[in-house]
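In: Generate a structure from the sequence data that follows.
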Amino acid sequence: MDRLENIETFVRVAQTQSFAEAARQMRVAKSVVTTRVKQLEEHVGAPLFHRSTRVVRLSDVGQAFLRDCTELVGRANDVMDQMRGARAGPTGTLRIHALTGFVLGHLASVLRAFQASYPDIHLELIVSDTVVDPVKAGVDCALQIFPAASTELVSRPLFPVRRVFCATPEYLRANGTPQTPRELHKHRLGLYSGYPSRDRWTFHHEGEQVTIYMTAALLTNSVHLLREYALEHAGIVCLPTLVAGDPILRGELKVVLPEHQLSSFSLNAVYAGTSRNAFKLKLFIEHITAAFTRVAPWDAAMVERGLLPAELVADA
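Out: Down below sits the predicted model:
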């Protein structure tokens, strides 16, 4: 019996609450997972899970056992990775879940440079705007704008994500430019559906706040669709600057209400504190942190040209 392998399997089943999902993540048959857990239960002398056709939950013994096992697996994998790194460089697969808006146009060059430094680390990148629990999703890290959903997860801020309202000059010439947030009600709006504030929007101007409720003509979970919608002169949209920056700098889109700022979000690296790939993940996060300063390059360019205020409203 490979005791450490069985302990890692137990941890994965406990985290995913599913024998089938643990098997999928570990790339083994479900019967292998079942056998490993059974062997560990025989060694411990007590059941680690209560099983039914729908639910897998920890027994009292399993609950008491889990934290130490999770730390043991994380530490063991960290030590093995560091030993490999000292001998011949880190190896293996790193699975990352990342926002579509961040990946397209910004991440490929960072990935190329990372793989040039660590050629034996293979990257598996899942691209989606869905907020995930990295443990249950079977990834080592999620790059997302929302904080960790669990106290068992670590959330490391990478850089702030600003949001702006913008439209094409053609649309604004034909329909007028809003001078106050409330004047947005007179326009066709395209809004992102995933913000936690939903229909409630708070603007900050000269130390004061104004909150309004807005209804979208187009509500979507795709910021890239919103950008294309704006470029079709269809209305005023709210976009993160990491998506809107290039067309704004080219003059294809114009910032609306630039002095009435929305609060920013942080792009966070969210991961389990006891990640089984802690060493490789540490290298990856350090590489991204070095590539993107606290003022993102697309924001810095717009601030330099006077298209955005230099100051930043704190995260929502």
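
In: Can you check the pLDDT for Thr274?
Out: Per-residue confidence (pLDDT) for Thr274: 68.

In: Got phi/psi on Arg294?
Out: Per-residue torsions, Arg294: phi -60, psi -20 (degrees, to the nearest 10).

In: ok, it - how many residues close by?
Out: Arg294 has 12 neighbours, counted by other C-beta atoms under 10 Å. C-beta here means a position set from N, CA and C on the backbone, and glycine is covered the same way.

In: For the spatially most central residue of the chain, give me its contacts.
Out: Centroid-nearest residue in the chain: Gln144, 1.8 Å away (criterion: C-alpha atoms, centre = their mean). Gln144 makes contacts with 97-99, 131-132, 267-268, 270, as judged by C-beta atoms under 8 Å, 6 or more residues apart in numbering.

In: so the nearest residue to Arg182 once chain neighbours are set aside, which of the three states?
Out: Distance criterion C-beta to C-beta, 6 or more residues apart in numbering; nearest residue to Arg182, sequence neighbours excluded, is Ile212 at 6.0 Å. Under DSSP: H, G, I helix; E, B strand; the rest coil, Ile212 falls in the strand class.

In: Let me know whether Ile212 touches Asp199 as I believe.
Out: No. Contact criterion C-beta atoms under 8 Å: Ile212 and Asp199 do not qualify, at 9.3 Å.

In: hey, where'd the strands end up in the stretch 51-200 of the chain?
Out: Under the criterion DSSP state E, counting those that start in this stretch, the stretch 51-200 of the chain carries strands at the ranges 56-58, 92-98, 121-127, 141-144, 153-161, 163-167, 189-192, 200-205.

In: would JSON lines of those with distance to His233 be doable?
Out: Compiled in JSON lines, those are given as follows (distance: least, C-beta to C-beta, whole Å):
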{"stretch": "strand 56-58", "distance to His233": "53"}
{"stretch": "strand 92-98", "distance to His233": "31"}
{"stretch": "strand 121-127", "distance to His233": "28"}
{"stretch": "strand 141-144", "distance to His233": "31"}
{"stretch": "strand 153-161", "distance to His233": "26"}
{"stretch": "strand 163-167", "distance to His233": "8"}
{"stretch": "strand 189-192", "distance to His233": "12"}
{"stretch": "strand 200-205", "distance to His233": "23"}
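
In: ok so, going back, next, format the contacts of Gln144 as a markdown table and append neighbour count.
Out: Formatted as a markdown table, these follow (neighbours: other C-beta atoms under 10 Å):
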| residue | neighbour count |
| --- | --- |
| His97 | 23 |
| Ala98 | 22 |
| Leu99 | 26 |
| Val131 | 16 |
| Val132 | 17 |
| Leu267 | 24 |
| Asn268 | 22 |
| Val270 | 24 |
